[in-house]
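Engineer: Sequence and computational prediction follow.
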Amino acid sequence: MAKEITARADDYSQWYNDIVKKAGLAEHSAVRGCMVIKPYGFAIWEKMQAQLDAMFKDTGHVNAYFPLFIPKSFLSREADHVEGFAKECAVVTHYRLKKGADGEGIVVDPDAKLEEELIVRPTSETIIWNTYRDWISSYRDLPLLVNQWANVVRWEMRTRFFLRTAEFLWQEGHTAHATKEEAIAEAKQMQEVYASFAQDYMAMPVVQGSKTETERFAGAVDTMTIEALMQDGKALQAGTSHFLGQNFAKAFDVKFLNQDNKESYVWATSWGVSTRLIGGLIMTHSDDDGLVLPPKLAPTQVVIVPIPKPNETIAEVAEDIKRQLGQLGVSVKIDDDPKKRPGFKFAEYEMMGIPVRIGIGMRDLEKSVVEVARRDTKEKTQIPLDQIHQYIPALLSEIQDNLYARSLQFRKDHWRQVDDWDTFQETLEEEGGFISAHWDGTSETEKRIKELTKATIRCIPNDQPLENGSCILTGAPSSRRVLFAKAY
RNA sequence: CGGGGUGUAGCGCAGUCCGGUUAGCGCACCUGCUUUGGGAGCAGGGGGUCGGGAGUUCGAAUCUCUCCACCCCGACCA
């Protein structure tokens, strides 16, 4: 057949690459580690952006834009921060090209060397806090709640579509607050926003928690995360929200006067999600027939395929359904391309993950019905024409719910509570998934576990009750379980 | 960045070991006709810097060197 994808069971990585390529989401570019996001993939990102942006606005944030380039000296102001990113920064050293000595080709003009090199932003804390210094002088300027949609560059050694590329798209929120409590509340609020988005729109269950010191963002006091479980049993960090304390305020000297005319440093947060979410979306729902999209993020929710080649009657019915559903806010595409056969279209739209397909043939119309096929279960039903406008919106909603329920069930089936080291190792090797286990709280033990099993502590879940136990590796006392998994 | 692999038409591949006509095949594409309820059939047609460069040779997709890109496995990381 024209397009076949590798089965998940045969080669999970290849399956993932096949989905990305064959559903038309992205392809490799001429630049190492950078991908081209194709129109269909970008349309999904636009759906995500629109929803997230609305949620940010609802929580009082505004958008702005800061420079792509950061003076090298800025990056080194915050010691942990620079150490965290130094190994993966792209550096601009010159600002001009000229013809080569032989008159052929083009070379970097050695006379155009920058006095201070510029770093292509791996994240924008430094340039933003340098700006905030001028924006903040009084408690009346606070809180400052700004988000930016941007691209960032992290020079990764090994890349994968959407999950890790040298350049990626994201949003980064950067907020400034008068008190520590308020900043912590902001970071928590944004973690909650991300969790709602993941669950309600992506239909992807996530665990909310905090990172250990080892896994924390460079420069943060506390990194809060949402962690999702992929179908191969590996965890994916899907979004992070950082409480930055006064680290950046001190590094960039951002102070404000309070009501008592006393000066103090500002408290900060930053938070972000990226195009990595698309990778998470793929690996949460898709199957061996292709992409599966939750209706709320599908660029096209319903596709209508006329059978056989379109004629007047069928075309009219199709247009009528499109109009009816359009009024209800459902996005509908009619594929009346006469050059492609219905069977081809069925396979194609399944590959693209369109949630619902309506097939209309003369045989159906004689009975005043159409055939409705849902992507998530592949079930087909005959639905009377006069019920379509009620049935389809309800079905979309049911698909959305079913995808979430299915993913949640998968996570339940791959979430083990483990209390002995042998089982811990076996589980990781044979099934993967999340493992809830005791840990003695030291970075040394965390590192040792990673060396031995490749698993890392994904987070200390927010709702994890206190419980006395002993560390899975060292047996030292522990007051609470943490969540382990192999991760992307 | 280390180990392994791949690179030949838009996509997937054969040919490379052992150099020798005009570089093939399937899908896709174009034209026409017939078809159309799960990836249509027949006929005709177009499309190639064999990843780039250098070298060996009478002659290179094939041998040598080098560079590049991608994939898989590690280390690093959102």
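Structural biologist: Cool, got the structure.
Engineer: now A:D401: how far from A:T59?
Structural biologist: 25 Å (C-beta to C-beta, to the nearest Å). Every C-beta, even on glycine, is put in place using the N, C-alpha and C of the backbone.
Engineer: now the helices for chain A?
Structural biologist: All helices of chain A, identified by DSSP state H, fall at A:12-22, A:39-58, A:72-75, A:79-85, A:125-135, A:180-196, A:247-251, A:276-285, A:312-327, A:342-351, A:362-366, A:388-413, A:421-430, A:443-453.
Engineer: and these, which is most packed in?
Structural biologist: helix A:276-285 (a mean of 25; mean count of other C-beta atoms under 10 Å).
Engineer: Export only the CA atoms of that helix, formatted as PDB.
Structural biologist: Extracted in PDB, the C-alpha atoms of helix A:276-285 (Å, rounded to 0.1, in the frame of the first residue of the first chain):
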ATOM      1  CA  ARG A 276       7.100  19.100  22.600                       C
ATOM      2  CA  LEU A 277       3.500  18.800  23.600                       C
ATOM      3  CA  ILE A 278       2.800  17.700  20.000                       C
ATOM      4  CA  GLY A 279       5.100  14.800  20.600                       C
ATOM      5  CA  GLY A 280       3.200  14.000  23.800                       C
ATOM      6  CA  LEU A 281      -0.100  14.200  22.000                       C
ATOM      7  CA  ILE A 282       1.200  11.700  19.300                       C
ATOM      8  CA  MET A 283       2.500   9.200  21.800                       C
ATOM      9  CA  THR A 284      -0.500   9.400  24.100                       C
ATOM     10  CA  HIS A 285      -3.300   8.500  21.700                       C
END
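Engineer: Which residues of the stretch 301-450 of chain A lie near RNA strand B?
Structural biologist: Residues of the stretch 301-450 of chain A found near RNA strand B (C-beta under 7 Å from any atom of the strand) are A:307-309, A:338-339, A:341-344, A:346-348, A:350-351, A:359-365, A:371, A:373, A:378, A:380.
Engineer: ok, A:D141 - contacts?
Structural biologist: Contact partners of A:D141, counting by C-beta atoms under 8 Å, 6 or more residues apart in numbering, are A:W135, A:F256.
Engineer: Please apply the same query to the one 4 residues further on.
Structural biologist: For A:L145, the set of contacting residues under the criterion of C-beta under 8 Å, 6+ apart consists of A:T59, A:G60, A:H61, A:V62, A:G173, A:T175, A:E186.
Engineer: ok, now which ones touch the third one?
Structural biologist: What it means is A:H61. A:L145, A:V146, A:N147, A:G173, A:T175.
Engineer: what's the farthest-apart pair in those residues?
Structural biologist: A:N147 and A:T175 (8.8 Å; C-beta to C-beta).
Engineer: the more surrounded of the two?
Structural biologist: Neighbour tally, A:N147 and A:T175, criterion other C-beta atoms under 10 Å: the higher count belongs to A:T175, 26 against 23.
Engineer: Any idea what the more buried one is bridged to?
Structural biologist: Taking DSSP bridges as the rule, A:T175 bridges to A:L145, A:T269.
Engineer: hang on, isn't it packed against A:V266?
Structural biologist: No: A:T175 is beyond contact range of A:V266, at 9.6 Å (criterion: C-beta atoms under 8 Å).
Engineer: Tell me how chain A divides into domains.
Structural biologist: Residue ranges for the domains of chain A, per automatic domain parsing: A:12-285, A:300-393, A:416-485.
Engineer: Take those and write them to CSV, including mean pLDDT.
Structural biologist: Formatted as CSV, these follow (pLDDT from 0 to 100):
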stretch, mean pLDDT
domain A:12-285, 93
domain A:300-393, 94
domain A:416-485, 93
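Engineer: Throw those into JSON lines and include distance to A:V292, thanks.
Structural biologist: Compiled in JSON lines, these are given as follows (distance: least, C-beta to C-beta, whole Å):
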{"stretch": "domain A:12-285", "distance to A:V292": "4"}
{"stretch": "domain A:300-393", "distance to A:V292": "5"}
{"stretch": "domain A:416-485", "distance to A:V292": "21"}
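Engineer: re the thing from before, now tabulate the helices of chain A in CSV and tack on distance to A:I472.
Structural biologist: Formatted as CSV, the helices of chain A follow (distance: least, C-beta to C-beta, whole Å):
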stretch, distance to A:I472
helix A:12-22, 27
helix A:39-58, 36
helix A:72-75, 38
helix A:79-85, 28
helix A:125-135, 35
helix A:180-196, 26
helix A:247-251, 32
helix A:276-285, 27
helix A:312-327, 53
helix A:342-351, 42
helix A:362-366, 59
helix A:388-413, 21
helix A:421-430, 5
helix A:443-453, 8
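Engineer: among those, which is nearest A:M230?
Structural biologist: Short answer: helix A:276-285, nearest of the helices of chain A by C-beta to C-beta, at 4.0 Å.
Engineer: now for that closest one, which elements pack on it?
Structural biologist: Using 3 or more C-beta pairs under 8 Å, 6 or more residues apart in numbering; DSSP states H and E as the contact definition, the elements that helix A:276-285 packs against are helix A:12-22, helix A:39-58, strand A:235-245, helix A:388-413.
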